[in-house]
Structures are given as structure tokens and as C-alpha cells.
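J.: Here's a sequence, model it:
(one chain, ligands or ions: 1)
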Amino acid sequence: MSVQDLKEDLTGNLVKALNSRRRNQDEISFVLEAFDFAFKNHIQQKRKSGEPYIVHPVAVALSLIELNCDKESVCAALLHDVVEDTGASHEDLRDIFGETVADIVDGVTKLSKLNFKSSEEEQASNFRKMLLAIAKDVRVVLVKLADRLHNMQTLNYLKKEKQQRISRETLDVFAPLANRFGLRNIQIELEDLCLKYLHSDEYSAIKDLVKSKRHEREAQIQKLKIVIKQVLDDSSIKAEIQGRAKHFFSIFAKLKQKEIQIIEDKLDEELPIYDLLGIRVLVDSVKDCYAALGVIHETFRPMPGRFKDYIALPKSNMYQSLHTTVIIPWDKRPLEVQIRTYEMHEVAEHGIAAHWHYKESHVPSSAKLGDAEELKWLKQLVSWHTDVSEAKEYYSGVKNDVLAQEVYILSPKGDVIALPQGSTPVDFAYKIHTRIGDTCTGAKVNEKMVSINYKLQNGDMVEIITNKNNHPNLSWLNFVKTHQAKYRIKSWYKKQNKERHIVLGEQMFADHFGKAKADEILKSEELLKISQKLNHKSLQDLLAAVGSGDQSLAQIEHKLNAVKAPTKEDNIEQLQKFKTRKAPAKGDMADIPELDGLLYSIAKCCMPIPGEAVIGVISKGKGITIHRADCYNVKQVEPERLMNINWKNKERKTYPAKINIEVVDRIGMVKDILTLIADGGFNIRDFKVTERPTKTTALLKVTIDIGSVEELKFLTNKMLNLSDVLQVERL
Ligand code: MN
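T.: Numbering: from 1, shown residues only. Below is the predicted model of the structure:
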């Protein structure tokens, strides 16, 4: 096929699909523009199948049109591989197709780079990155899943190992993800394809069996349809009855669960026809759903314990339906029946995409979906914590929370709470509120007392009994299921221990340094600085670390002694202290135009110097404090209290001059020289103690902003007047 024919062919497919979804001309042109761009960029590439690469993005786009996704998603689908595979950049996409499309492509590209078969730590952080990318714009997951679907559909062109690796990843991550977002059709197809590559013998056994029973199945469905239609008509319930063939993977899972060996010849007797099909009843309203259920239960005997009301308790992927199993009177076999409205059906098939589409027609801003109730779980998971060291724990917990099957639990107030299967009253308690979890002593389920490790069942009504004097028990970690509960129980213990460790830390200080000296050190600014250098957020954290044995006192003592030998930072700080002490605040004020006439002071914690990026912190009574923009303390301040300020440009023109100063090496020498320079009103850009040519001398390399040769001469003479300065040399 010529390039031109190919292009016309694919354009035709896209236009036909868009027209069948009644998309307007604007949308069609927008999509075709993206197609042209993708076509141009992928023209040189071929897929493993030998087909032109462009066939792939077009297939992904067609999937999304089928799901009735908006034009931005469809465009992003067409462009999803251009940044990764061709010369086009994020900026190019943004300029031509807008921020939204460029960002979706960006998210999909990020997801493609994540490897879920790497080390556990990496998987963990990758899983989190995936959730983050999806939380930014949920359309990322639509494009990614459609992308994965087409790759799975064309997997036969790859090598066997690669087929298995990709199938495993699909089954572990992407099929559950499709389920989590309610994309049922994609989930089913992904699972069946995985089965084909991972268990090919079982796959063909099941496939052959289903094929051989096709006529029998269709005959049964026809018979059931007529009977059910009749009884519903008699009760004036307007309904459409559909037969439903189960997908291969669900048959496979069911056989595995029953520990039935999947061997071709034996399957026939093991697998009754009713395990291969179900019936679906579609009606106009919720009222009709329950009415239809009543009529069906009157006609066929329901199997006890098999009724599930997902209308009252929707799944967290938004799925709603009534499920029941009834006994077919003529051969005493169980039949699964689903009853739902047309709207619920749309959501059941297309999940988030259907929701998105409905919302789109009412709410113009697509960003609104981010606030949707249905996606709160995602936002919550992403916002939890970002501590890398806990990534592994986060993964095992959250992967379970996100991808596991769920149970739906009622609170006494009638709220529905979704929890992973196997959850206990403790999980439920923490899901409601940390305090309720922390003080939980027992639980009533359906008004009966149960043990707190009871496994909750769908529809259980749970009431938590608390006692304010109670606290979490570490043994709970053995049975709680949710990440949230595990995290909270551990945090409670960490917090308790921290208080104990602080007391212990104080004692250890006193033992090590003697009581009086310890008190002095604990109040000193040096210790505060050292604690920051050792990455403790506060003095309390430092003490807790000492108490728990995470921080050695010897290291602290060493650092305290080292303070006496001046370092660069110490000198600059001392210099600044000197400067601020000497120069009245009023004189400096003119340096910051925004603060003209305001009361302000230089922050002691970070000591900003003119020229450094600074920010003002407004405090009651004390006016404004000037901090370095990167000061740790500023990060703790509420944004309302911050003020953008800048140093005024000095009018005096200066240029940097490098000077080497050889001095007698004694404590305080460096400080003396820096003080002298600052005293003269010169700005120090850089300062290093570089070499010690002999044991008794040191070489200081200083870069100073100098206005003129006269100024430099003046400064040099001043320095040489100091008794310990041996030589001053301009470089
Ligand atoms: Mn792709």
C-alpha cells in the first residue's frame, strides 16, 4: 500500500468512528490534525509485525472513540508515542494541541517508562509514580490501558520471553487497574489475552469447550430469555434481556478456585453449561430493578446467600447492579442474573470513561473530574506520604488497597465504606478516623459483638466500640489489611516512643557531659546548628535520635569541638553578625525597597547577605524578619505570612577580584581577616582555605567585589597591617 493510500485509509477509519459517535466537525478536525502530526512523525517507523507504526496509535485512538472519550483523550492517544519515539517535544505538542493534550501524553510516556518487574523498591516507587500520573489527569489511564490493549492484541509478533513478561505485568498491574477504573471491556480482553500467553494449554481447552457448547448455550439463553421476558411483561415491567457469555479468564479462575484440573477431555463433565453463561436484565429505572428482582425470585427459587445489592452499595469503581443466583426449574442448575438500568450498564461497561462522558455534557470543565467523589480514593492514596524509605511498605499496602477485591461495609449512620477483602473492624475504625482506630476496643457487627480480627463481609453493619484510655496494640499488625491501619498503628508507637526517647536522650546528655555542661549545650545555638547539619528537624528530634540510639553522642561532641575551628559558614555568619551589629537596622533598610519605612530584622537562623535570594516573614509585634529564600524555617511558615522582597541593586559598580592571603594559621585568624574586609564595606563572594604550604601557615583564597584599584590597594595595606598576615597577592 502506498503512503498516500495508507493515510487515506486510516483517516477514513477515524472519521467513520467519530461520525458514528456523532462528534462535531470541530472535534473531527482537531483529531485529524493530531493524526497528521503523528503520521508525519512515525512515517519512518515499523512495528514488529512489519506494519507501519502509525497503525498502533490509530488503533489506540479508535479504542478511545469507542469508549466515547473526549477529543483531548483521542488526540493524546494518536500522539502518545511521538515524544518517546520521534523528534517531537513536549513543547511542540503544547504549542500545537494545547497544554491538556501535551500533559496527557506526558503522563502516558512516564507510565511507559515504569518497570513493574524490577526490584521491589523500584516497583514500589514506580507504582506510586503511576498513581501520581493518573491522579494528575485520569485520562492518562484511559490512553495507557488502550495502548496496552493494542500491544496485547499484537503480542504474537514478539519473542516468547517478552510475551510472557508483558502478559505477567498486564495481569498483575493493568487488568486490575482497568477493573479499578471500571473499564470492564478492556479488563476482560486483557485477561483473556494474558491467559492465552501465560497458560496456553488451559486457554485452548476452555476455548474449544466454549466453542463446542455454543449451540447448546445459545438455545438455553433463548429459552431463558422467553421465560423471563414473559413474567416481566405480565408484571408490566419493561425490560431487555441479554444472554451473557463468561469470558475465558473468569472460567479459568473459577476452575482453579475449585481445584479442577483443566484438561481438554475432562472439562466437558466438570463444566456445566450454566457456568458458561449468565442473564442480564436491563430496565429503565432503579425502582424497576427491584421490581424485576421480586418477579424473578417469585418465578425461580433464589439460592440463599447469593443476592448482592450493588445498587445500594456501589463498588468503588462505580459499578451498580443487583446480582442474584436462581435455580433453573427444568434441570435444577444455578443461573446467575444481573439486573441494572441502562445508565448503570453504560458505567458497568465503560467505567470512568462513561462517567467522564456524562459529566462532560453537564460540566464543561474536564478538570472537575479530579474532584469527583469516585476518584477521592486516588487523591487520598497519592497524598499519603512521600517518604522514600517507606516506599516498599507503601507499595505492598497500597497495591493491595487499590487492586484487591473489595467488601462494602455500612457504618451505623448508613455510610458505605469500601475496604479490601479480608479487612477487620480495626481497618474500618482507622478508615473512619485515626482517633477511632487508636482507641478501638471492640466491635459489633450486625448488632452482635465480634472479635476485632473478625473478617468483614459484604454489607456488614459495623459499630466500633472505643475507650479513650485505650491505645493501639502492635499485635493488630498481624491481622489488619489496609495500609492506612498499618501506618497509623506504627505511627502511634513511633510517637509514644519519641516522647520516651527524648527523656532518655536528655539523660544521656547529662551522663556524657555532666549535668551543668549538658544544660548549657542544650541551650546553645551551636547545638541547634549541629542538629540541622545532622538532618534533625528540631532539637527534640535530635534528643529522640540520641535516646533511641540512632544518633551517637560522640559525633555530636566531635562537631561541637569542630565549631571552634572556623569553617567557611561560621566565618560568614560571624561576619554577618558583626555587620548587623555594627550597622544600624535603619541604615540597611534602604537595601530593600519593599520594606522602606517598615520595622524589620535579619533572621538569626540563616543570616542572609545582600545579593542572596531572600523572603520576608511577617510576625506579630516583631515586624518583618528577612530570611534566605531556602531557609529551613521559612518552609514551616504559612504562606499568608510570607512577603516577596528583593535587595536593592547597589548603585556602586564593582567587579570581583581574587586575592590570595597567606597567614599564620591560628584560630580566629580567618575571622579577623573577614571582619576587616567587611569593615571596609566590601562584599565577599567566595572564600576558601585552600592549602597549607607549611604546617604553620594557611592560604586564604578570597573573592571580593571591588570598586577600583585604589580600593584594592587600601584593603591590601590594611590587611598587611595585621601582624599575622604574611603576604597579600592579587591574582
Ligand atoms: Mn504505544
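
J.: Name the residues of this protein found near the ion, please.
T.: Counting by Cβ under 5 Å from the ion, the chain comes close to the ion at 81, 147. (C-beta placed from N, C-alpha, C; glycine too.)

J.: Which single helix of the protein contains the most residues?
T.: Determined from DSSP state H, the single longest helix within the chain is helix 483-513.

J.: I'd like to know how many residues surround the residue of the stretch 601-731 of the chain at minimum distance from the ion.
T.: Nearest residue of the stretch 601-731 of the chain to the ion (Cβ to the ion) works out as Lys635 at 39.9 Å. Number of residues near Lys635 (other Cβ atoms under 10 Å) recorded here: 7.

J.: Please apply the same query to Val141.
T.: There are 27 residues near Val141, going by other Cβ under 10 Å.

J.: three-state assignment of the most centrally placed residue in the chain?
T.: Nearest to the mean C-alpha position of the chain, by Cα atoms, centre = their mean, lies Leu132 at 3.2 Å. Classification of Leu132 by DSSP: H, G, I helix; E, B strand; the rest coil places it in helix.

J.: and if you look at Ile409?
T.: strand.

J.: Hmm, it is touching Leu456, no?
T.: Yes: in this structure Ile409 lies within contact range of Leu456 using Cβ atoms under 8 Å: 5.5 Å.

J.: Now do the shared contacts for the two.
T.: Residues touching both Ile409 and Leu456 (Cβ atoms under 8 Å, 6 or more residues apart in numbering) are 419, 423, 428, 462.

J.: Can you pull the poorly scored residue ranges out of the stretch 251-400 of the chain?
T.: 262-275, 355-377, 379-400 (pLDDT under 70).

J.: could you redo the last one with a cut-off of 80?
T.: By pLDDT under 80, the low-scoring segments of the stretch 251-400 of the chain are 255-277, 304-306, 316-317, 331-333, 352-400.

J.: Ser29 falls within a helix, correct?
T.: Yes: counting by three-state DSSP, Ser29 is located in a helix.

J.: In the stretch 1-150 of the chain, where is pLDDT below threshold?
T.: In the stretch 1-150 of the chain (pLDDT under 80), the answer is 1, 85, 87, 112-133, 135.

J.: can you redo the shared contacts of Ile409 and Leu456 as TSV with neighbour count?
T.: Formatted as TSV, the shared contacts of Ile409 and Leu456 follow (neighbours: other Cβ atoms under 10 Å):
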residue	neighbour count
Leu419	23
Ser423	27
Phe428	28
Val462	24
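
J.: In a markdown table: the residues you listed, plus distance to Gly707 and secondary structure.
T.: Output for these, formatted as a markdown table (distance: Cβ to Cβ, whole Å; DSSP: H, G, I helix; E, B strand; the rest coil):
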| residue | distance to Gly707 | secondary structure |
| --- | --- | --- |
| Leu419 | 71 | strand |
| Ser423 | 72 | coil |
| Phe428 | 72 | helix |
| Val462 | 77 | strand |
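
J.: Looking at those residues, which one is closest to Leu64?
T.: Nearest to Leu64 among these: Leu419, at 32.0 Å, using Cβ to Cβ.

J.: Tell me what the closest one is bridged to.
T.: According to DSSP bridges, the residues that bridge with Leu419 are Val407.

J.: The residue in the stretch 201-350 of the chain that the ion sits nearest to: how many residues sit nearby?
T.: Closest contact between the stretch 201-350 of the chain and the ion, by Cβ to the ion, is at His350 (20.9 Å). Burial measure for His350: 24 neighbouring residues, criterion other Cβ under 10 Å.

J.: What ranges does the stretch 351-500 of the chain have for its strands?
T.: In the stretch 351-500 of the chain, strands defined by DSSP state E, counting those that start in this stretch lie at 406-410, 416-420, 440-445, 448-450, 462-466, listed in chain order.

J.: Including distance to Leu674, could the ones you listed go into CSV?
T.: Below are these laid out as CSV (distance: least, Cβ to Cβ, whole Å):
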stretch, distance to Leu674
strand 406-410, 65
strand 416-420, 62
strand 440-445, 61
strand 448-450, 72
strand 462-466, 61
